[in-house]
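Peer 1: Sequence below, structure please.
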Amino acid sequence: MKLRPLHDRVIVERIEADTKTAGGIFIPDSAKEKPQQGKVIAVGKGKRKEDGNLIPPDVKEGDRVLFGKYSGTEVTIDGKEYLIMREEDILGVL
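Peer 2: Residues are numbered from 1 along each chain as shown. Take a look at the predicted model:
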């Protein structure tokens, strides 16, 4: 992929949720919610403070992250869906 996020932005690919519950019941597509977990694909260089110093990002490529339900902007690149979000929208790293 040739897309590089700017500043404190992060590109995340959603990790698909299981189609079966722990009890063995299959979940139909109509009942599924979009997963709130993803894999970090690319990271920007970081945020700049007012004095010009760079704050490096806490996440790195390959991290599995949790994010809010309505976080980020969905984009499609080469037929794959990605989310572009600010690093502050990420709730945690798994």
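
Peer 1: for stretch 16-30, what is the average pLDDT?
Peer 2: For stretch 16-30, mean pLDDT rounds to 69.

Peer 1: Please apply the same query to stretch 74-90.
Peer 2: Stretch 74-90 carries an average pLDDT of 90.

Peer 1: mind checking how far the helix or strand containing Ala42 is from the chain centre?
Peer 2: Using DSSP states H and E, Ala42 sits within strand 37-43. Distance, stretch centre to chain centre, for strand 37-43: 5 Å (CA atoms, centre = their mean, to the nearest Å).

Peer 1: Could you list every helix and strand in contact with the following helix or strand past it?
Peer 2: Next in sequence after strand 37-43, counting helices and strands by DSSP H and E, comes strand 47-48. The elements that strand 47-48 packs onto, with contact taken as 3 or more CB pairs under 8 Å, 6 or more residues apart in numbering; DSSP states H and E, are strand 54-55. Where C-beta positions appear, they are placed from N, C-alpha and C, glycine not excepted.

Peer 1: Other residues contacting the helix or strand following the strand it packs on?
Peer 2: Beyond strand 54-55 on the C-terminal side, the first helix or strand identified by DSSP H and E is strand 64-67. Here strand 64-67 makes contact (CB atoms under 8 Å, 6 or more residues apart in numbering) with 12, 15, 36-40, 59, 83, 85, 89-94.

Peer 1: No more questions from me, cheers.
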